[in-house]
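Peer 1: Need a 3D model of the sequence below.
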Amino acid sequence: MKISKLFEAKRPVFSLEVFPPKKNAGGIETIYETLDGLKDIKPDFISVTYGAGGNLADRSTCDICSIIKNKYNILPIAHLTCVNNTKQDIDIITQDLKSVGVSNILALRGDISPDIPPKNDFAHASDLVEYIKQKGDFTISGACYPETHPDSEDSVSDILNLKKKVDSGAEHLISQLFFNNEDFYAFREKAVLAGINVPIEAGIMPVTNKNQVLRMATMCGASIPRKMSRLLNRFENNPKALEDAGIAYAVDQIVDLIANDVDGIHLYTMNKPYIAQRIFAAIESMR
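Peer 2: The predicted structure follows:
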């Protein structure tokens, strides 16, 4: 099924993100524990981040997508990045995905690592979207930044670049994390004014670790509102309290988003199924 078709049948769509386990953490087999904990949530789809280090020999993303589809009967979407891949690499990976029946791809620029020289075939995510679209076999999604991509000159150029990504073939967008829903609503309004008419899912990350969330917020240009800052400072030395507070904050965000007709909720699980379970239990009646 095409991811974009989900949004024709229901609102809001609920989805999850997982990442390939590190090899020193037990290998790909450990993903079963995560997926076993997520399957009863019955997400509309699960996205799988790109294999660690940009190593083409690392087929973990493809393998996990195959497991999600064929063992758990849940729709998967595979992340693919510009910075890690040449056109030849993309040809190989898309053939692998096709061979296991995966037809949905989230096309991203990817994070530039100082230790790994970037590939140069695709300058922007829109270039990758266009290249994959030419193959005709995949439904392509893209990422968006409610508070503007960190590398953009300003919010106007960011929205125009996003419009280019959609015009190149992206049929669905997933936002990076944000902690102030008003930022998302303002972004959504700008997108509509720019003629971006594809579904936009709100990316929500439950806060369970202060240093982790500050690092992630810096990477994707998300601000830390006063309410979140107070939460982090108050509970940073009490892991259980921070986890409970972070879950409550995420639930509050999601309830407000649903009340404001969000197209979908995409939960960044960080491979912690029990946190996702608690969040979805709290909003079960709204699905």
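Peer 1: all strands of the protein, in order?
Peer 2: 13-18, 45-48, 75-81, 104-108, 139-144, 170-177, 200-204, 264-268 (DSSP state E).
Peer 1: okay if I get the ones you listed as JSON lines plus mean neighbour count?
Peer 2: C-beta: built from backbone N, CA, C; applies to glycine. Shown next, in JSON lines, are these (neighbours: other CB atoms under 10 Å):
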{"stretch": "strand 13-18", "mean neighbour count": "22"}
{"stretch": "strand 45-48", "mean neighbour count": "26"}
{"stretch": "strand 75-81", "mean neighbour count": "24"}
{"stretch": "strand 104-108", "mean neighbour count": "25"}
{"stretch": "strand 139-144", "mean neighbour count": "24"}
{"stretch": "strand 170-177", "mean neighbour count": "24"}
{"stretch": "strand 200-204", "mean neighbour count": "25"}
{"stretch": "strand 264-268", "mean neighbour count": "25"}
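Peer 1: Could you pull up the contacting residues of Val262?
Peer 2: By CB atoms under 8 Å, 6 or more residues apart in numbering, the residues touching Val262 are Pro12, Glu201, Ala202.
Peer 1: Would you map the helices across the stretch 51-200 of the chain?
Peer 2: 60-70, 87-99, 125-133, 155-168, 181-193 (DSSP state H, counting those that start in this stretch).
Peer 1: ok now the third one, how far from the chain's centre?
Peer 2: Here the centre of helix 125-133 is set off from its chain's centre by 17 Å, with CA atoms, centre = their mean, to the nearest Å.
Peer 1: Now that helix: buried residues?
Peer 2: Buried residues in helix 125-133, counted by 16 or more other CB atoms under 10 Å: Ala125, Ser126, Asp127, Leu128, Val129, Glu130, Tyr131, Ile132, Lys133.
Peer 1: Send me stretch 273-281 as CSV with only the CA atoms.
Peer 2: What follows is stretch 273-281 as a C-alpha-only set of coordinates in CSV (Å, rounded to 0.1, in the frame of the first residue of the first chain):
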residue,chain,number,x,y,z
PRO,A,273,8.4,0.3,23.2
TYR,A,274,7.1,0.7,26.7
ILE,A,275,7.2,4.5,26.4
ALA,A,276,5.2,4.3,23.1
GLN,A,277,2.8,1.9,24.8
ARG,A,278,2.1,4.4,27.6
ILE,A,279,1.6,7.3,25.1
PHE,A,280,-0.8,5.4,22.9
ALA,A,281,-2.7,4.0,25.8
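Peer 1: for that stretch, the distance to its chain's centre please.
Peer 2: So, by CA atoms, centre = their mean, the centroid of stretch 273-281 is 17 Å from its chain's centroid.
Peer 1: I'd like the average pLDDT over it.
Peer 2: What stretch 273-281 shows for mean pLDDT is 97.
Peer 1: who's in contact with it?
Peer 2: Counting by CB under 8 Å, 6+ apart, 14, 16, 33-38, 40-41, 206, 208, 243, 247, 250-251, 254, 267, 269, 287 sit against stretch 273-281.
Peer 1: If any of the residues you listed are buried, give me the PyMOL selection for them.
Peer 2: Listed next is the PyMOL selection for buried residues among these, using 16+ other CB under 10 Å:
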select buried, resi 14+16+34+35+37+38+41+206+208+243+247+250+251+254+267+269
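Peer 1: Take the contacts of stretch 273-281 and keep only those in helices.
Peer 2: Glu33, Thr34, Leu35, Asp36, Gly37, Leu38, Glu243, Ile247, Ala250, Val251, Ile254 (DSSP state H).
Peer 1: pretty sure Pro76 is in contact with Pro43, am I right?
Peer 2: No: using CB atoms under 8 Å, Pro76 is not in contact with Pro43; the gap is 10.4 Å.
Peer 1: follow-up on the earlier one: among the buried residues of helix 125-133, find me the one that's closest to Arg234.
Peer 2: Ala125 (37.5 Å; CB to CB).
Peer 1: The closest one and Glu182: what is the separation?
Peer 2: The gap separating Ala125 from Glu182 is 26 Å, by CB to CB, to the nearest Å.
Peer 1: Kindly report the same for Pro117.
Peer 2: With CB to CB as the criterion, Pro117 and Glu182 are 39 Å apart.
Peer 1: With just CA atoms, put stretch 175-194 into PDB.
Peer 2: Extracted C-alpha coordinates of stretch 175-194, given in PDB (Å, rounded to 0.1, in the frame of the first residue of the first chain):
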ATOM      1  CA  SER A 175       8.100  16.800  10.500                       C
ATOM      2  CA  GLN A 176      11.200  16.800  12.700                       C
ATOM      3  CA  LEU A 177      10.600  17.100  16.400                       C
ATOM      4  CA  PHE A 178       9.200  20.200  18.000                       C
ATOM      5  CA  PHE A 179       8.000  21.100  21.500                       C
ATOM      6  CA  ASN A 180       5.800  24.000  20.800                       C
ATOM      7  CA  ASN A 181       2.700  23.200  18.800                       C
ATOM      8  CA  GLU A 182       2.200  26.800  17.800                       C
ATOM      9  CA  ASP A 183       5.500  26.500  15.800                       C
ATOM     10  CA  PHE A 184       3.900  23.500  13.900                       C
ATOM     11  CA  TYR A 185       0.700  25.300  13.200                       C
ATOM     12  CA  ALA A 186       2.500  28.400  11.900                       C
ATOM     13  CA  PHE A 187       4.600  26.100   9.600                       C
ATOM     14  CA  ARG A 188       1.500  24.300   8.400                       C
ATOM     15  CA  GLU A 189      -0.100  27.500   7.500                       C
ATOM     16  CA  LYS A 190       2.900  28.700   5.500                       C
ATOM     17  CA  ALA A 191       3.100  25.300   3.700                       C
ATOM     18  CA  VAL A 192      -0.600  25.600   2.600                       C
ATOM     19  CA  LEU A 193       0.000  29.200   1.400                       C
ATOM     20  CA  ALA A 194       3.000  27.900  -0.600                       C
END
